[in-house]
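K.L.:
just a sequence and a predicted model for now, questions to come.
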Amino acid sequence: MKKEWQIICHDAWLKALLFWVPVLLSLIIWGIFSAGIARDLPIGIVDHDNSSMSRSLIRNYDASPSLAVTTHFSVNEDATVALREGRIYALVIIPHDLEKNTLLGKVPQVTAFYNSQFILIGKLINSGLLSAHGTYVAQIETFKDLTNTHGNLEHAIGEALPISSKISPLFNASTHYGQFLVTAVIPAMWQIIIMVTIVLFWARPLREKPINTWLSQLDFMPELVRLIPYALIFWLQGVVYISIFYGTLQWPMHGSWFLLIFAQFLLVIACISVTTLFFFVTLDATRAMSLVAGFSAPAFAFMGVTFPTTDMPFLAQLWRALLPVSHYINIQIHQVNYGSSFNASLSDFFSLMLFFSALLMAKVVFNKHKSKKIEIQEETMPIEKGSNE
């Protein structure tokens, strides 16, 4: 272990992946979402009515925290081009005779377009438009009902809004997107960094020795001891990560710190086990790195944080089950949000431990490779002939 630590200190790539790269990437991810809530998303307006009522409606849109009316268009075609080019995230078209039809008791139609492919932005735009529009409609209905209720404002509001709704979020009460996304992005990124580092660990001796020589000299189980410093460093990274977010930044934490830290340790060992199997299946750094990239890069999409797992097709659910971080994120959500007991996450803890079997599989593969290399060497070894003298 002491020798391995010296190697780490003299290897620039290992030093980067173990120390400053995870910190830098985590700071970048946190910086992107540190604002917490997306605000002032630009929208465009086409006002065909140009009345006091339409201008008041536009001011209502602009007053919404998530919306900002940045552009007014005179024709629909220019507005459509701006929406397609991404200069605005939504387009609201106010029809002719909006004020006239409203005063006559008719129901004019205001049309809004937005791109729902931007999932987060689309949800915010839709929510902001519905809220602003609904508030303005309620104001108009209240003023209309004031005459029927003889100036009684409470009765007028009751007539305009016979059913009111109140939303009380059970988790992430501040709707902070950092708490929602950063705590999922960083573990997914962390899994990639662990796997890439372990590939470099196994591939490093091949820079100096032929693969046949390395295999013949390698003793698999004692070699795993050299992985202990890596496992401890990665485990410490996880502890620091949750300490900053749930300690320093004081994001809500309702569960057991011990269970969460224990789950991080299991995740580190699971990633090491799977990567070791990948490497000994290929015995090639480039191919192993490609396997790691293809296996772990889509992890965030399959974790079930931004897209419900129940709506995933079977292959996506299968891939998710093969990712160690998917089981870890379940434990993290259960502890951070729900404060669940150990029994509630027992299946995920068992799944993480099941990945340890990849080390045994890697040892079987290693033994097969080693025996084949020895057989090939024996077959190609020249036979010395004795002299007749």
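P.N.:
It's in.
K.L.:
how about the helices in the stretch 1-150 of the chain?
P.N.:
Applying DSSP state H, counting those that start in this stretch to the stretch 1-150 of the chain gives helices spanning 2-10, 12-15, 21-33, 52-63, 76-85, 98-103, 119-148.
K.L.:
and the stretch 251-389 of the chain, by the same measure?
P.N.:
Remark: helices assigned in the stretch 251-389 of the chain by DSSP H, counting those that start in this stretch are 257-282, 285-296, 299-302, 314-322, 324-333, 346-354, 357-380.
K.L.:
kindly reformat those as TSV containing mean neighbour count, mean pLDDT and distance to Phe118.
P.N.:
C-beta coordinates here come from the backbone N, C-alpha and C atoms, glycine included. Output for those, formatted as TSV (neighbours: other Cβ atoms under 10 Å; pLDDT from 0 to 100; distance: least, Cβ to Cβ, whole Å):
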stretch	mean neighbour count	mean pLDDT	distance to Phe118
helix 257-282	22	95	31
helix 285-296	17	92	25
helix 299-302	20	87	16
helix 314-322	13	89	21
helix 324-333	25	94	23
helix 346-354	16	95	31
helix 357-380	14	76	38
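K.L.:
with distance to Pro42 added, can I get those in TSV?
P.N.:
Below are the helices of the stretch 251-389 of the chain laid out as TSV (distance: least, Cβ to Cβ, whole Å):
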stretch	distance to Pro42
helix 257-282	39
helix 285-296	35
helix 299-302	27
helix 314-322	34
helix 324-333	33
helix 346-354	41
helix 357-380	49
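K.L.:
wait, which of the ones you listed is closest to Ile93?
P.N.:
Nearest to Ile93, of all the helices of the stretch 251-389 of the chain, is helix 299-302, at 34.3 Å by Cβ to Cβ.
K.L.:
chain center to the closest one: distance?
P.N.:
Its chain's C-alpha centre and that of helix 299-302 lie 7 Å apart, by Cα atoms, centre = their mean, to the nearest Å.
K.L.:
which strands and helices sit next to that helix?
P.N.:
helix 183-203, helix 314-322, helix 324-333 (3 or more Cβ pairs under 8 Å, 6 or more residues apart in numbering; DSSP states H and E).
K.L.:
now with 7 Å?
P.N.:
Applying 3 or more Cβ pairs under 7 Å, 6 or more residues apart in numbering; DSSP states H and E, we find helix 299-302 packed against helix 183-203, helix 314-322.
K.L.:
so of those helices, which one's packed in deepest?
P.N.:
Counting by mean count of other Cβ atoms under 10 Å, helix 183-203 has the highest mean neighbour count of the helices and strands packed on helix 299-302, with a mean of 22.
K.L.:
domains of the chain?
P.N.:
Structural domains assigned to the chain are 2-32+176-379, 41-160, following automatic domain parsing.
K.L.:
by mean pLDDT, show me the worst of those.
P.N.:
Ranked by mean pLDDT, these end with domain 41-160 in last place, scoring a mean of 81.
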